[in-house]
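Next come a sequence and a model predicted from it.
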Amino acid sequence: QGVQAGVGVKVGAGDGGVRLGDFGLTMSLAQELAISPVGTVEYMAPEVVALPPVDAVTSGAVTAADITVCDEKVDVWALGVTLYELLTGHLPFEGADKAAVKAAIARGAMRPLPRGLSPGAVNLLTSMLAHSPADRPAAAALLSHPWIVAHAPATAAALGAVVAPRASRKGCPLPRLAPA
């Protein structure tokens with residue numbers, strides 16, 4: 001959920017590539033778990049929006065055992081929001097305030113995709129922003145999506161060496177890349 005346009009995005013790093021960095025919040029998945037929503041609301045996946053608030057966890061009203069398991073699919077969602085914004089100039093979920101944005105995400109009330117996007121781009125975006133995490137592709141699978149292959153073959157091949165699948169854990173893990 002830490003991927004977002006304009007924050008730590010560097011274009012044209014000598015090779016015309018795009019680099020993402022500064023995810024805003026990191027943690028060791030071996031030692032810690034994300035058990036409440038933290039981050040920029042507009043980039044939160046529905047399963048992150050559904051997590052209990054921090055005060056419910058710290059007060060003991062909700063225990064770690066009560067929290068839904070999340071996995072790398074929250075990162076796929078956030079990347080989908082970023083791609084949507086880069087391709088359209090708009091966020092896919094909007095509202096008058098943060099609560100309204102959360103409600104739109106929870107309902108799956110995505111802004112319609114504009115006409116003119118290629119069918120491949122539409123397919124990629126709708127798969128990445130599928131409401132159910134089970135319907136979203138794994139991060140590694142994104143590299144073989146036809147739209148990615150057609151538009152960034154060298155990038156997809158290079159990324160294939162550094163994207164590592166992660167096991168599901170309690171709470172929602174934050175972005176992690178395998179060592180290069």
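Sure, I can see it.

can you map out the strands along the chain?
Taking DSSP state E, the strands of the chain run over residues 9-11, 18-20, 69-70, 169-170.

lowest-confidence stretch among those?
The weakest mean pLDDT among the strands of the chain belongs to strand 169-170, with a mean of 44.

I figured I148 hits N123, correct?
No - using CB atoms under 8 Å as the test, I148 is too far from N123 to be in contact (10.9 Å). The way it works is simple: take the backbone N, C-alpha and C, and place the C-beta from them, glycine included.

Please identify which of those two sits among more neighbours.
Each of I148 and N123 has its neighbours counted (other CB atoms under 10 Å); I148 has more, 18 against 14.

So which bits of stretch 67-74 are buried?
I67, C70, D71, E72, K73, V74 (16 or more other CB atoms under 10 Å).

what's the closest of those residues to V41?
V74 (13.3 Å; CB to CB).

where along the protein do the helices fall?
In the chain, the segments counted as helices under DSSP state H are 46-49, 54-58, 73-88, 98-107, 119-128, 139-142, 146-151, 153-160.

With distance to T40 and mean pLDDT as new columns, can those be given to me in CSV?
Listed next are those as CSV, based on distance: least, CB to CB, whole Å; pLDDT from 0 to 100:
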stretch, distance to T40, mean pLDDT
helix 46-49, 11, 90
helix 54-58, 16, 79
helix 73-88, 9, 92
helix 98-107, 9, 95
helix 119-128, 17, 96
helix 139-142, 19, 89
helix 146-151, 24, 86
helix 153-160, 23, 57
